[in-house]
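Asks: Any chance you could fold what I've pasted below:
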Amino acid sequence: MEHVIALDVGGTGMKAALVGADRTLLHEARRPTGREHGPEAVVAAILDFAAELRAIGERRFGEPAAAAGVGVPGVLDQDRGVAVYAANLGWRDVPLRALLSERLGGIPVGLGHDVRTGGLAEGRLGAGRGADRFLFVSVGTGIAGAIGIEGRLEPGAHGDSGEIGHIVVR
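Replies: Presented below is the predicted three-dimensional model:
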């Protein structure tokens, strides 16, 4: 059965799913991010969790995932697939897309900002569907938002649009 890996990395926990081509939820799982162990441990936890999801998919459906989509907090260089900076996870310049693709056997990996990715889903499938413009705000370990304009999300000039929790208010 064709399926993909969906992985949301947060400041304290990770949520994941295997999703069928028809958007059917096939498997769900959660793990702590482990940020108290440092940025290298967080990257290792992400890679291990993704590999576990790949193995579950292969075991249950007889084939590896077709692709993986991963959302992470902080500033991203989406073109290069690099997690540039995340204050809550302590990492800088992690080539996460390449590391994940290698760990997952070379499948395509999409890397996106966690809240903007959630906003994209809300804009296409949820309450924002059909709206020309919308604002999606997520309150979790941090606070962030996604700005939807004419069917796309605004990443900002430096990939940090919506980082509400990092605005100094005096």
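
Asks: Identify the residues contacting the helix or strand where residue 54 lies?
Replies: Using DSSP states H and E, residue 54 sits in helix 39-61. If you take CB atoms under 8 Å, 6 or more residues apart in numbering as the criterion, helix 39-61 is touched by 1, 3, 5, 7, 9, 14, 16, 18, 26-27, 29, 31-35, 63-65, 68, 70, 72, 89-92, 94, 96, 99-100, 103-105. All C-beta atoms are positioned from the backbone trio N, CA, C, and that covers glycine.

Asks: pLDDT score for the most centrally placed residue in the chain?
Replies: For the chain, residue 71 is the residue whose C-alpha lies nearest the centre (CA atoms, centre = their mean; 0.8 Å). With respect to pLDDT, residue 71 scores 94.

Asks: and it, what element?
Replies: Here residue 71 is assigned to strand 68-72, by DSSP H and E.

Asks: List the contacts of that strand.
Replies: 4-9, 46, 50, 83, 86, 89, 96-97, 100, 104, 107-118.

Asks: Using ChimeraX, define a selection of the buried residues within those residues.
Replies: To isolate the buried ones among those in ChimeraX, judged by 16 or more other CB atoms under 10 Å, type:
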select :4,5,6,7,8,9,46,50,83,86,89,96,97,100,104,107,109,110,111,112,113,114,115,116,117,118
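
Asks: just the helices in this structure please.
Replies: 39-61, 96-103, 114-125 (DSSP state H).

Asks: Report the separation between residue 126 and residue 134.
Replies: Shown here: residue 126 relative to residue 134, a distance of 10 Å by CB to CB, to the nearest Å.

Asks: Pull up the distance across stretch 78-92, start to finish.
Replies: Using CA to CA, to the nearest Å, the end-to-end distance of stretch 78-92 comes out at 14 Å.

Asks: where in the protein is pLDDT low?
Replies: Low-confidence segments of the chain (pLDDT under 70): 159-160, 165-169.

Asks: What residue spans form the domains of it?
Replies: 3-112, 115-166 (the TED database).

Asks: ok now the shortest one, how far from the chain's centre?
Replies: Yep, that's domain 115-166 we're talking about. Centroid separation for domain 115-166 versus its chain: 13 Å, with CA atoms, centre = their mean, to the nearest Å.

Asks: Give me the buried entries from the contacts of helix 39-61.
Replies: Buried members of the contacts of helix 39-61, scored by 16+ other CB under 10 Å, are 3, 5, 7, 9, 14, 16, 18, 27, 31, 33-35, 64-65, 68, 70, 72, 89, 91, 94, 96, 99-100, 103-104.
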